[in-house]
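K.L.:
build me a structure from this.
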Amino acid sequence: MQKATAETTISLATPQALLGQFVAHMRDDHGMAFNVADDGAHSFENDGYRIELHAQDRGLRIRLEAPDENAMSFSKEGIVHHVEEFDTAAAASIRWDNEQARIGTPPENFRVLTVRKSEQVFDGMQRVTLHYPDIETLQTRGIHLRMILPRDPSRVPVWPVMGENGAPVWPVGADELHARYVTLKNIRADLEEVDIDIVRHGTGIVSQWAQNASQGQLVGAMGPAGMKNLPEAKSYFLAADGTGLPAVAQLLSRLPQDAVGDVVVALPPSVDPRSYLPESGLTVHTLSPDAFEENVVEMAERLTVKDETGYAFFAGEFGNAQSLRAHFKKGLGLDKTTQISATYWRRDR
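P.N.:
Numbers count the residues shown, from 1 in each chain. Have a look, this model is predicted:
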């Protein structure tokens, strides 16, 4: 399949300054290590995506590659969002060379889904089953959805529409929306259904929505997108707290039957991991949710071996993600194609 590409040049008096801010932010907050070419161009490439930034005379040129147009829509929005953090006028001025979205219409990857049921899977985990009419044709795009809900649950949703800079325009004020990425735990294309599992906790907007969701409620979604298959490796290491459990389940289901390695997950002692995770050749280790953060890094260091562990994945709290990213890269010698350590939430937020 041919990749999607897009390019823009942002007019700036000091493009080098914005380039430095952008690269530092992506490195420090998102773990993206950019390569620097002789001509000063900065590039990052992973899992079919590529971003290239080049400061020129009074402008910052940005070129993107993505697996398809659906994935490209996320890439464009990401660029706009991160530029906006440093220069709102520059972000608003972005115009992509081959923009295909129609201004004022819903994003191509946006769907309105309908709640079929909500139930507690086990202590601390809520499952919402959604009607997803065209999931059969979309499921190959990836395993993650961007869930979109009104911040005020009493409001009738006002959904985003496309803006001129290639990013959705989100409603503000009383109609403000809340968006969060979730993983498709189960897909039943023949029934046009998907399950999403959400950690139950006190104040989170998505968590509260999941616990109170009732049949017929509407929810916005963008995607699916993200990971599809893992690279071939001698041995695998996967770990996640409750927020990343569905992702680990999806990744295990995509591994060959002869794959070996270790999995570390946060599960209550009363839950048999075989009832939640698909069968695989990897050894599953469980930690109780209240002990996971304190012990997962030590377990990862004990269970992985340089030159043996060929792929590593973590999803969970920011501090754990930073520590494990360092271990995956420095301790195991893995690069951007053979490790992911993703922040799904932060302890102080």
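K.L.:
for the stretch 101-250 of the chain, which segments are assigned as strands?
P.N.:
110-122, 125-131, 144-150, 161-162, 168-169, 177-188, 193-199, 218-225, 236-240 (DSSP state E, counting those that start in this stretch).
K.L.:
redo those strands as JSON lines? Include mean neighbour count and mean pLDDT.
P.N.:
Every C-beta, even on glycine, is put in place using the N, C-alpha and C of the backbone. Shown next, in JSON lines, are the strands of the stretch 101-250 of the chain (neighbours: other C-beta atoms under 10 Å; pLDDT from 0 to 100):
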{"stretch": "strand 110-122", "mean neighbour count": "17", "mean pLDDT": "96"}
{"stretch": "strand 125-131", "mean neighbour count": "21", "mean pLDDT": "97"}
{"stretch": "strand 144-150", "mean neighbour count": "23", "mean pLDDT": "94"}
{"stretch": "strand 161-162", "mean neighbour count": "20", "mean pLDDT": "94"}
{"stretch": "strand 168-169", "mean neighbour count": "18", "mean pLDDT": "94"}
{"stretch": "strand 177-188", "mean neighbour count": "19", "mean pLDDT": "94"}
{"stretch": "strand 193-199", "mean neighbour count": "22", "mean pLDDT": "96"}
{"stretch": "strand 218-225", "mean neighbour count": "22", "mean pLDDT": "92"}
{"stretch": "strand 236-240", "mean neighbour count": "27", "mean pLDDT": "98"}
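K.L.:
how about the ones you listed in TSV, adding distance to Thr8?
P.N.:
Below are the strands of the stretch 101-250 of the chain laid out as TSV (distance: least, C-beta to C-beta, whole Å):
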stretch	distance to Thr8
strand 110-122	22
strand 125-131	35
strand 144-150	22
strand 161-162	15
strand 168-169	17
strand 177-188	23
strand 193-199	33
strand 218-225	21
strand 236-240	35
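K.L.:
indicate which one of the ones you listed is closest to Glu99.
P.N.:
Closest of these to Glu99 is strand 161-162, at 8.8 Å (criterion: C-beta to C-beta).
K.L.:
tell me which strands that closest one pairs with, and in which orientation.
P.N.:
strand 168-169 (antiparallel) (DSSP bridges).
K.L.:
just the residues contacting the partner strand, thanks.
P.N.:
77, 107, 110, 160-163 (C-beta atoms under 8 Å, 6 or more residues apart in numbering).
K.L.:
the protein: helices as residue ranges?
P.N.:
15-30, 69-84, 88-93, 135-138, 205-212, 245-253, 289-303, 318-326 (DSSP state H).
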